[in-house]
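Visitor: Sequence unavailable; structure follows:
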């Protein structure tokens with residue numbers, strides 16, 4: 001009688017443990033959301049799942065002898081690790097039941113796809129192809145994957161903006177560029193007269209509770225900004241590595257092209273916020289488009305197995 005793979009391979013077992021924990025988190029997160037309160041148990045389970053994924057990646061690194069991001073299984077597990085870590089950091093900034101409800105499905109989907117959809121040969125560790133045997137592997141691929149995680153979590157929070165208080169018009173008062181409540185109060189205090197600014201009248205300030213949708217909008221913006229900066233670093237390091245490996249800074253490989261499209265979409269998102277002053281649902285729609293582009297760039301291109309970045313994916317011989 002054959003022994004189950006998860007009993008002989010601790011890497012697969014840790015992946016399944018992370019899947020079970022995240023699967024438990026999902027209903028608990030939505031239950032907490034329906035009650036309108038944060039859950040310590042949810043954060044604890046996500047943290048344990050992150051530790052399982054950390055141990056899994058370390059063991060795979062130890063067994064294979066190279067950074068564990070050379071095939072689709074390792075890449076998905078790394079992305080799930082980065083998503084859970086980003087989720088925990090965002091929750092530390094703003095404890096809310098909306099954060100795990102929005103972000104957990106992404107990490108759960110990554111682990112589920114890696115553990116159950118991929119064939120066994122793609123779950124096994126394999127030697128690196130010659131082009132990947134470079135010190136740039138850790139720098140480029142890890143930064144790109146962490147950027148994807150931040151952008152995915154930020155985009156999911158933007159999706160939550162679209163579905164929060166849909167019956168009410170959004171009137172966001174805070175703004176990272178000074179176009180919100182502070183700037184309006186400043187203009188009202190200074191006033192305008194025929195000969196220039198009038199004397200500032202007495203002004204009374206009082207604390208105002210920031211609504212949930214405004215906090216979501218701010219969190220998604222900050223998370224996407226971090227992801228965009230990391231993606232920029234990843235693209236630059238990838239160009240340097242490509243020049244070292246293939247003698248060309250840019251080859252218009254399908255993966256490179258879609259990564260550039262992803263960068264342009266999120267650049268447009270930041271442009272609408274910083275230059276046009278958009279807030280709320282308008283930039284959230286742009287972030288939702290970015291979510292689709294990342295899925296196509298990360299999964300769609302790799303499933304086709306075309307281009308120079310198709311090492312160890314579905315259609316390798």
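Guide: Now that the structure is in, tell me what you want to look at. The shown structure was predicted, so the numbers you read here are calculated from the model rather than taken from an experiment.
Visitor: Can you show me the helices along this structure?
Guide: Along the chain, counting by DSSP state H, helices occupy 5-8, 10-35, 40-64, 72-93, 98-112, 120-123, 136-163, 181-190, 212-246, 254-274, 281-295, 301-304.
Visitor: rank these by pLDDT, which is bottom?
Guide: Least confident of the helices of the chain, judged by mean pLDDT, is helix 181-190 with a mean of 45.
Visitor: Now do the same contact list for residue 135.
Guide: By C-beta atoms under 8 Å, 6 or more residues apart in numbering, residue 135 lies in contact with nothing. For the C-beta atoms, the positions are set from N, CA and C on the backbone; glycine is no exception.
Visitor: With mean neighbour count as extra columns, can I get the helices of the chain in TSV?
Guide: TSV is the format used below for the helices of the chain (neighbours: other C-beta atoms under 10 Å):
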stretch	mean neighbour count
helix 5-8	12
helix 10-35	19
helix 40-64	19
helix 72-93	23
helix 98-112	24
helix 120-123	14
helix 136-163	22
helix 181-190	13
helix 212-246	19
helix 254-274	18
helix 281-295	19
helix 301-304	18
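Visitor: count of residues packed around the residue nearest to residue 272 when sequence neighbours are not counted?
Guide: Using C-beta to C-beta, 6 or more residues apart in numbering and skipping residues adjacent in sequence, the residue nearest residue 272 is residue 278, 4.2 Å away. Counted with other C-beta atoms under 10 Å, residues neighbouring residue 278 total 17.
Visitor: Check residue 278 and give its pLDDT.
Guide: Predicted confidence (pLDDT) for residue 278: 76.
Visitor: I'd like the distance between it and residue 253.
Guide: Distance, residue 278 to residue 253, by C-beta to C-beta, to the nearest Å: 33 Å.
Visitor: now residue 280
Guide: 36 Å.
Visitor: got it, and residue 76?
Guide: Distance, residue 76 to residue 253, by C-beta to C-beta: 21 Å.
Visitor: just residue 156 next, same as before
Guide: Distance, residue 156 to residue 253, using C-beta to C-beta: 28 Å.
Visitor: I'd like to know how many residues surround the residue nearest to residue 213 when sequence neighbours are not counted.
Guide: Excluding the flanking residues, the one nearest residue 213 by C-beta to C-beta, 6+ apart is residue 164, at 4.6 Å. Residue 164 has 19 neighbouring residues, counting by other C-beta under 10 Å.
Visitor: Hmm, residue 164 is touching residue 214, no?
Guide: No. Between residue 164 and residue 214 there is no contact under C-beta atoms under 8 Å: 9.8 Å.
Visitor: pLDDT score for residue 194?
Guide: Among the per-residue scores, residue 194 holds a pLDDT of 51.
Visitor: thinking again about what came up before, what's near enough to touch the residue nearest to residue 213?
Guide: Listed by C-beta under 8 Å, 6+ apart, the contact partners of residue 164 are 98, 212-213, 216.
Visitor: Roughly how far does it sit from residue 42?
Guide: Going from residue 164 to residue 42 by C-beta to C-beta gives 19 Å.
Visitor: returning to that earlier point: distance check, the residue nearest to residue 213 against residue 108.
Guide: Where residue 108 is concerned, residue 164 sits at a distance of 22 Å (C-beta to C-beta).
Visitor: Now that residue 47 has come up, it's in contact with residue 88, right?
Guide: Yes. With contact defined as C-beta under 8 Å, residue 47 reaches residue 88; the gap is 6.2 Å.
Visitor: Find residues that contact each of these two.
Guide: Common contact partners of residue 47 and residue 88 (C-beta under 8 Å, 6+ apart): none.
Visitor: separation between the nearest residue to residue 149 once chain neighbours are set aside and residue 41?
Guide: In space, and not counting its chain neighbours, residue 149 is closest to residue 82: 3.4 Å by C-beta to C-beta, 6+ apart. For residue 82, the distance to residue 41 (C-beta to C-beta) stands at 23 Å.
Visitor: Residue 119 too?
Guide: 35 Å.
Visitor: what does residue 124 give?
Guide: Distance, residue 124 to residue 41, by C-beta to C-beta: 35 Å.
Visitor: cool, and residue 31?
Guide: 10 Å.
Visitor: Equivalent analysis for residue 158, please.
Guide: Distance from residue 158 to residue 41, counting by C-beta to C-beta: 27 Å.
Visitor: Just give me the neighbour total for the closest residue to residue 75 other than its chain neighbours.
Guide: Of all residues not flanking residue 75 in the chain, residue 69 sits nearest, at 5.4 Å (C-beta to C-beta, 6+ apart). Residue 69 is flanked by 24 other residues according to other C-beta under 10 Å.
Visitor: residues touching residue 69, list them.
Guide: By C-beta under 8 Å, 6+ apart, the neighbours of residue 69 are 75, 78, 137, 141-142, 145.
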